[in-house]
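Visitor: I would like to see how this sequence folds:
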Amino acid sequence: MKNIIIALKIFLLMTVITGLIYPLAITGYAQLFFPNKANGSMLFIHNKIVGSELIGQQFTKPEYFWGRPSAIGNNPMPSGGSNLNPVGDTLKDQILARADTIRKYHGNISINSIPKDLLFASGSGVDPHISPETAFFQVERITKYRHLSLEQKNKLNKLIQTLIEPPDFNIFGEYRINVLKLNLQLDGI
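Guide: Numbers count the residues shown, from 1 in each chain. A predicted model of the protein is given here:
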């Protein structure tokens, strides 16, 4: 009986430490030093949330930059890839269908000239970034569908340059552009 009482006391103590004190301390630390990140890195326009920097959104209109395809419809709850066999017909059919959609708006181009970001789904399903090359690839389509002048097209190219994010700590990852931020800025051109 003595051992049961000791075990219950330790159980209650650990519950208070790991279930209350630690989570509150970490939440307080995050709110104090990283409030934007702790609250989801939300982007606002006129005090209205338009999305998060961390979760990709699906843009399908030709006058906007398109992000990476998502096997889960950019839903962050089940976050994950398709897990399709790399030599299977299903993956091949999806890539060919994506290439056909891109050709519809970019002309009859070779599949090899289409950036891989637009053909292959994100591993997480919610990737908010594309490569700078993928952004520059889409400039002609956006210029055409937005009826941009040469001056506006040049502004768009400069905008892409300014929004390129370096690898984390300049060593982890690739150069990238957040598609939501890019599209929000695009509406201002």
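Visitor: quick one: buried residues of stretch 179-189?
Guide: Buried residues in stretch 179-189, counted by 16 or more other Cβ atoms under 10 Å: 179-183, 185-186. Placement of C-beta: from N, CA and C, glycine included.
Visitor: what's the pLDDT at the residue nearest to the spatial centre of the chain?
Guide: Closest to where the C-alpha atoms of the chain average out (Cα atoms, centre = their mean) is Pro128, at 1.0 Å. Confidence at Pro128, expressed as pLDDT, is 91.
Visitor: Could you list which residues are in contact with it?
Guide: Taking Cβ atoms under 8 Å, 6 or more residues apart in numbering, we find Pro128 in contact with 52-57, 67, 178-180.
Visitor: can you do 6 Å?
Guide: Shown in contact with Pro128 (Cβ atoms under 6 Å, 6 or more residues apart in numbering): 56, 178.
Visitor: how far away is it from Gly67?
Guide: Here Pro128 is placed at a distance of 7 Å from Gly67 (Cβ to Cβ, to the nearest Å).
Visitor: same thing with Ser131?
Guide: 11 Å.
Visitor: swap in Gln57?
Guide: According to Cβ to Cβ, Gln57 stands 7 Å off from Gly67.
Visitor: Of these two, which one has the most company?
Guide: Gly67 (26 against 16; other Cβ atoms under 10 Å).
Visitor: Do I have it right that the more buried one meets Val179?
Guide: Yes - counting by Cβ atoms under 6 Å, Gly67 does reach Val179; the two are 4.0 Å apart.
Visitor: re earlier: tell me which entries of the buried residues of stretch 179-189 lie within strands.
Guide: The strands, defined by DSSP state E, take in nothing from the buried residues of stretch 179-189.
Visitor: Out of the residues you listed, list just those in helices.
Guide: 179-183, 185-186 (DSSP state H).
Visitor: joint contacts of Gly67 and Val179?
Guide: When Cβ under 6 Å, 6+ apart defines a contact, the residues bordering Gly67 and Val179 alike are Ile130.
Visitor: what about the helices in this protein?
Guide: Going by DSSP H, the chain shows helices at 2-16, 22-33, 35-38, 89-106, 116-119, 132-137, 139-146, 150-163, 179-186.
Visitor: could I get the ones you listed as JSON lines with mean pLDDT and distance to Gly73?
Guide: Formatted as JSON lines, these follow (pLDDT from 0 to 100; distance: least, Cβ to Cβ, whole Å):
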{"stretch": "helix 2-16", "mean pLDDT": "95", "distance to Gly73": "38"}
{"stretch": "helix 22-33", "mean pLDDT": "94", "distance to Gly73": "29"}
{"stretch": "helix 35-38", "mean pLDDT": "85", "distance to Gly73": "25"}
{"stretch": "helix 89-106", "mean pLDDT": "92", "distance to Gly73": "13"}
{"stretch": "helix 116-119", "mean pLDDT": "93", "distance to Gly73": "16"}
{"stretch": "helix 132-137", "mean pLDDT": "97", "distance to Gly73": "20"}
{"stretch": "helix 139-146", "mean pLDDT": "96", "distance to Gly73": "23"}
{"stretch": "helix 150-163", "mean pLDDT": "96", "distance to Gly73": "25"}
{"stretch": "helix 179-186", "mean pLDDT": "94", "distance to Gly73": "15"}
